[in-house]
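Colleague: What shape does this take:
(chains A and B)
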Amino acid sequence: AQSVTQPDIHITVSEGASLELRCNYSYGATPYLFWYVQSPGQGLQLLLKYFSGDTLVQGIKGFEAEFKRSQSSFNLRKPSVHWSDAAEYFCAVPSMDTGRRALTFGSGTRLQVQP
Amino acid sequence: DGGITQSPKYLFRKEGQNVTLSCEQNLNHDAMYWYRQDPGQGLRLIYYSQIVNDFQKGDIAEGYSVSREKKESFPLTVTSAQKNPTAFYLCASSEAGGSTDTQYFGPGTRLTVL
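Modeller: Numbering: from 1, shown residues only, chains lettered A, B, ... in the order given. Here you go, the predicted model:
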């Protein structure tokens, strides 16, 4: 079965600093990979997704992620964090149990931004 | 504006009661989903539907029921059989339910059992 691991439950960075959120996956086939962001008490919004091709994917709000097959990772990065980036971030893969029709999510990483 | 609406935003239930959470979308999407979110556990799939009048159980369907009588609506009923229903419930939709489709999420309903 597929799984997604986000090793960092909580990360704090200073505004203007760079950010990297880790995501590791276990998948029995070529993975499709997603990053979503959730503001407190809100729904999720897609930041970016990877299916194939260029392993460096650009998303919204200045985020990017790099797919590394050899490391089974899909880490999310941003060169300079803004206070509005404080939120919870989820990595996800299609669920093999549902024929890839739904998503399996990691447990999330909560980002706090210090002024 | 196109999107997904969920109501109510907050819901309180007494033990032994059934409650129904509403989810409506005007994106003309075929597929709809219900996820449950608990602190530190990410999102877990309750039910999903690829087409009207058809739906499938997800990972944690016990104690829940759904219907899909209309393309735009996918209500979730939390029954008294659900032993620990206090959680944040998120509804989502995607164009065709394909593995590369983006899922669009509603704002959620927070259910609390009193």
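
Colleague: list the contacts for residue B:54?
Modeller: residue B:68 (Cβ atoms under 8 Å, 6 or more residues apart in numbering or on different chains). For every residue, glycine as well, the C-beta is placed using N, CA and C.

Colleague: who's it bridged to?
Modeller: residue B:51 (DSSP bridges).

Colleague: what about residue B:72, how many neighbours?
Modeller: 16 (other Cβ atoms under 10 Å in any protein chain shown).

Colleague: gap between the two ends of stretch B:83-102?
Modeller: 32 Å (Cα to Cα, to the nearest Å).

Colleague: Quick check: end-to-end length of stretch A:46-56?
Modeller: 16 Å.

Colleague: roughly how far is that stretch from the heart of the chain?
Modeller: Going by Cα atoms, centre = their mean, to the nearest Å, the spacing between the C-alpha centre of stretch A:46-56 and its chain's C-alpha centre is 11 Å.

Colleague: Quick check: closest non-adjacent residue to the residue sitting nearest the centre point of chain B.
Modeller: Nearest to the geometric centre of chain B sits residue B:34, at 2.9 Å (Cα atoms, centre = their mean). Spatial nearest neighbour of residue B:34, chain neighbours left out: residue B:46 (4.3 Å); criterion: Cβ to Cβ, 6 or more residues apart in numbering or on different chains.

Colleague: Can you say which helix or strand has the one you found in it?
Modeller: Element membership of residue B:46 [criterion: DSSP states H and E] is strand B:43-51.

Colleague: Pull out the buried positions in that strand.
Modeller: Buried residues in strand B:43-51, defined by neighbour count with 16 or more other Cβ atoms under 10 Å in any protein chain shown: B:43-50.

Colleague: Repeat that for stretch A:57-67.
Modeller: Result for stretch A:57-67 [16+ other Cβ under 10 Å]: buried residues A:57, A:59, A:63-67.
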